[in-house]
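Visitor: requesting a structural model of the entry that follows:
(one chain, ligands or ions: 2)
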Amino acid sequence: MFYGKKTMQSENIRFFNTLTREKERFVPIEKGHVKMYTCGPTVYDFVHIGNLRAFLFEDLLRRWLEYRGYTVTQIMNLTDVDDRTIKASRSQGVPLRQHTERFVRGFFEDIEALNIEKATQYPRATEHIPEMVALVKKLLDGGYAYKGEDGSIYFDISKFKDYGSLAKIKVEELKPGARVKVDDYTKEEASDFVLWKAWDENDGDIFWETELGKGRPGWHIECSAMSMKYLGETFDIHCGGVDNLFPHHENERAQSESVTGRKFVNYWLHNEHLLVEGRRMAKRLGNYYILKDLVAKGHESMAIRYLMISTHYRQQINFTFDGLEGAQKALERLRNFALRSLEADGKSADQRLRGLIEGVEKLFGEAMDDDLNISVALAHLFDFVRDVNNFLDEGKVSKEDGQEIHDLMMKFDKALGVIGEVKTERELSQVAEDLIHKREEARKARDWKTADQIREQLKSMGVLIEDTAEGIRWKLEKK
Ligand code: AMP
Ligand code: ZN
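Guide: Ligands and ions are numbered 1, 2, ... in the order given. This next block holds a predicted model:
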């Protein structure tokens, strides 16, 4: 049995570290335990599937580390105060907390639908103001920060000699006194950046009275405060999309290392973007899709998960509906295979099967250890599926071997998170009947949300339902 075998922590995991621009062997600070910080959503609106690509990459990374036997502490912040959240809540005349709460809930629904493992904690920026103030005070005391004539406090980038080395920009001529007060800006605008923003009328009632004066934190100090609070001054991995590299991560690093005098993060991993027609999917470009809208149109969230994780995280993905359909097919092929192997009852056993089973586990693992090379890992997996399917066609897979293959697929799925539990037809019909009954109850209670969720759950099990005048009909999807 494969479950019985303890997977050893791999000494061979290598990640491409943005800091060095090289693939490096991964060695966590504490043996067997990985501490990672993943920049979370800015909850001013619903996240789009581009943002979800980042969270899915981080989920795959985390699951792979767990597959290899590491314990992972993952912290994902919720950016619930910054320029965008304030602007959105003020323009809609809704208190900040009430405004962000709606999108926090939406975010949790999305990650659940995508089978993203829950982070260890989701700290909110608004609940960590004292920690941010403490950091800014230390930066002021150490001479790394100064108060501008507008009352805001800025980080002096000339005081951090390594400034620009993460995002690989040369800040050749430091313009004395040049500074930015907005949270997000481009490399060309590199200059002193804001740590604490003195209140102005655009902030309305969003401010904190602190030792730094009446105001609110800049975006970058939020992540320095929350990451170091939960993970310590130096931790293993920090992730985010490539757009976060500058200014966000560059500034986070400058602030944190200036305070502690120590290395902030050992491995920086950045995912590439999800594009639409060649351009980054982004709210401000208006070219975005929301998970719930795609699901409402009949797309399965697991297919979206598959689509996102099946391309290497450092490659861009161009989102198309053809691509999504392809992902759905690939996913069904895996599900079908897991089910077929579970139902295998061949009379003879082909000697080559053993070699295939051992081979795929090794090759899949080696590919994933190599900076999560999912394309190669999946290619090996589909070769295996094809070869074993041939044996299954010929009745050459015994019940025991079939069970072992099924268990191996479930083991891979701990990392991939796309197949889920497969059920034989007899088991399935019982579960489906129960779910259909529950859905009926929900519909009677006019709880459309639950009813829709159950329909989606049934679909992911391959059960299609039809509401007819005579009642509910259901059938198994033809694969
Ligand atoms: P935000 O809510 O803008 O702070 O972004 C949350 C996460 O989504 C960050 O890691 C971003 O880098 C990432 N992100 C934003 N847009 C995209 C995109 N089109 N593709 C992939 N990741 C993205
Ligand atoms: Zn962040």
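Visitor: if you count contacts, what does the one helix or strand Ser375 maps to end up packed against?
Guide: Using DSSP states H and E, Ser375 falls within helix 374-393. Applying 3 or more CB pairs under 8 Å, 6 or more residues apart in numbering; DSSP states H and E, one finds that helix 374-393 makes contact with helix 321-342, helix 352-369, helix 399-416. (Glycine included, C-beta is placed from N, CA and C.)
Visitor: need these in TSV with distance to ligand 1, can you?
Guide: Below are the helices and strands packed on helix 374-393 laid out as TSV (distance: least, CB to the nearest ligand atom, whole Å):
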stretch	distance to ligand 1
helix 321-342	14
helix 352-369	20
helix 399-416	19
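Visitor: can I get those helices in a markdown table including mean pLDDT and distance to ligand 2?
Guide: Conversion of the helices and strands packed on helix 374-393 to a markdown table gives the following (pLDDT from 0 to 100; distance: least, CB to the ion, whole Å):
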| stretch | mean pLDDT | distance to ligand 2 |
| --- | --- | --- |
| helix 321-342 | 96 | 29 |
| helix 352-369 | 96 | 26 |
| helix 399-416 | 97 | 25 |
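Visitor: mind checking the backbone torsions on Leu212?
Guide: The phi/psi pair for Leu212 (degrees, to the nearest 10) reads phi -90, psi 0.
Visitor: and the closest residue in space to Trp474 that isn't next to it in sequence, how far from ligand 2?
Guide: The shortest distance from Trp474 to any non-neighbouring residue, by CB to CB, 6 or more residues apart in numbering, is to Ile465 (4.7 Å). Distance from Ile465 to ligand 2, counting by CB to the ion, to the nearest Å: 42 Å.
Visitor: low pLDDT regions in the chain?
Guide: 1-9, 173-176, 470, 476-479 (pLDDT under 70).
Visitor: how many neighbours does Val43 have?
Guide: When neighbours are defined as other CB atoms under 10 Å, Val43 has 26 of them.
Visitor: what residues does this structure put near ligand 1?
Guide: For the chain, the residues in contact with ligand 1 (CB under 6 Å from any ligand atom) are 39, 41-42, 50-51, 53-54, 79, 240-241, 243-244, 271, 273-274, 280-282.
Visitor: near ligand 2, which of those show up?
Guide: Contacts with ligand 2 are made by Cys39 out of these, judged by CB under 5 Å from the ion.
Visitor: now, which of the residues of the chain next to ligand 1 lie within strands?
Guide: The strands, defined by DSSP state E, take in 240-241, 271, 274, 280 from the residues of the chain next to ligand 1.
Visitor: in the stretch 1-150 of the chain, what residue lies closest to ligand 2?
Guide: Cys39 (3.2 Å; CB to the ion).
Visitor: same thing with the stretch 201-350 of the chain?
Guide: Counting by CB to the ion, the stretch 201-350 of the chain gets nearest to ligand 2 through Cys223 (3.3 Å).
Visitor: hang on, that residue packs against His248?
Guide: Yes: with contacts counted by CB atoms under 8 Å, Cys223 reaches His248, the gap being 7.1 Å.
Visitor: tally of neighbours for the residue of the stretch 201-350 of the chain closest to ligand 2?
Guide: Other residues close to Cys223 by other CB under 10 Å number 27.
Visitor: in contact with Val136, which residues?
Guide: By CB atoms under 8 Å, 6 or more residues apart in numbering, the residues touching Val136 are 145, 153, 195-196, 212, 217, 221.
Visitor: quick check: the farthest pair among these?
Guide: Ala145 and Pro217 (12.7 Å; CB to CB).
Visitor: thinking again about what came up before, from the contacts of Val136, which land in strands?
Guide: Using DSSP E, the contacts of Val136 in strands are 145, 153, 195-196, 217.
Visitor: export those residues to JSON lines and tack on neighbour count?
Guide: Below are the ones in strands among the contacts of Val136 laid out as JSON lines (neighbours: other CB atoms under 10 Å):
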{"residue": "Ala145", "neighbour count": "25"}
{"residue": "Ile153", "neighbour count": "24"}
{"residue": "Leu195", "neighbour count": "27"}
{"residue": "Trp196", "neighbour count": "26"}
{"residue": "Pro217", "neighbour count": "29"}
